[in-house]
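1. Whatever this is, show me its structure:
(one chain, ligands or ions: 1)
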Amino acid sequence: MAIYPPEKRIWWSEPLDRMEITWISIAFVWGLVMFGAMIWWHINGRQNLSNEAYRVDPSAFDERTEAMVDQYTVREEGDSGFPVVHPPPGSEIYLRARLWEWYPILELEKDQSYRLHLSSMDWQHGFSLQPANINIQVHPNYEMVLTIEPNKAGEYAVICNEYCGIGHHTMLGKIYVVE
Ligand code: CUA
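-> Presented below is the predicted three-dimensional model:
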């Protein structure tokens, strides 16, 4: 019981039990191994993206997205009126998350590099690119910036993997990668 002080007042000067120091050492060394593994996996892992994060005002992000859409829309998706945007390789591209859509549909060229900006207009969403299985959290007031180089042509789905309310399951987007 800690109501009473310990009998021996200077309890901290006692030598450590061998078992205790052994476990402390193991935990300390394992911590260092895991720290090293984090760096190693960042360089050698297949899903670890070197993303950058910056503060951004949602309305400023919205403006940049709209500017890209105005400039580079090439067609509509079916008869939905939803823009498909084909920005030039090497450019800054934007994907806006909000309740409950990913906007716009991006069409990218294979083996070309882009700077992809992700942000949310309202609250937290999850960017999950399928079937590549790349996952990034998307927050309002921050933009995640990734340098990407699609290496396989095809149609990719963007699904939201953070529960964001009643329409969460309908929050689907698309990215095309063309030759
Ligand atoms: Cu957005 Cu779930």
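
2. Tell me the residues on the protein that lie near the ligand, please.
-> Contact residues, the chain versus the ligand (Cβ under 6 Å from any ligand atom): Trp100, His125, Cys160, Glu162, Tyr163, Cys164, His168, Met171. No exception for glycine: its C-beta is placed from N, CA and C like everyone else's.

3. Tell me which of those fall in helices.
-> Judged by DSSP state H, helices contain none of the residues of the chain next to the ligand.

4. are any of those residues buried, and which?
-> Listed as buried from those are Trp100, His125, Cys160, Glu162, Cys164, His168, Met171; burial here means 16 or more other Cβ atoms under 10 Å.

5. Verify the stated contact: the fourth one with Gln124.
-> Read it as Glu162. Yes - assessed by Cβ atoms under 8 Å, Glu162 is found in contact with Gln124 at 5.2 Å.

6. of all the buried ones among the residues of the chain next to the ligand, which two lie farthest apart?
-> Trp100 and Glu162 (11.7 Å; Cβ to Cβ).

7. circling back to that earlier point, what residues are shared contacts of Glu162 and Gln124?
-> Shared contacts of Glu162 and Gln124 (Cβ atoms under 8 Å, 6 or more residues apart in numbering): Gln137, Val138.

8. what about the helix ranked longest in the chain, distance to the chain center?
-> Identified as the longest helix of the chain according to DSSP H is helix 18-44. Centre-to-centre, helix 18-44 and its host chain are 26 Å apart (Cα atoms, centre = their mean, to the nearest Å).

9. any idea which helix or strand comes after it?
-> strand 52-55 (DSSP states H and E).

10. Averaged pLDDT, that following strand. What do you get?
-> For strand 52-55, mean pLDDT is 93.

11. Does anything pack onto that strand? Which helices or strands?
-> Packing partners of strand 52-55 (3 or more Cβ pairs under 8 Å, 6 or more residues apart in numbering; DSSP states H and E): strand 142-148.

12. Need the residues that contact the strand it packs on.
-> For strand 142-148, using Cβ under 8 Å, 6+ apart, the contacting residues are 49-56, 61, 108, 113-119, 127, 136-138.

13. show me where the protein has strands.
-> For the chain, the strands defined by DSSP state E cover 52-55, 73-77, 82-85, 92-98, 101-103, 105-109, 114-120, 125-130, 134-138, 142-148, 154-160, 172-178.
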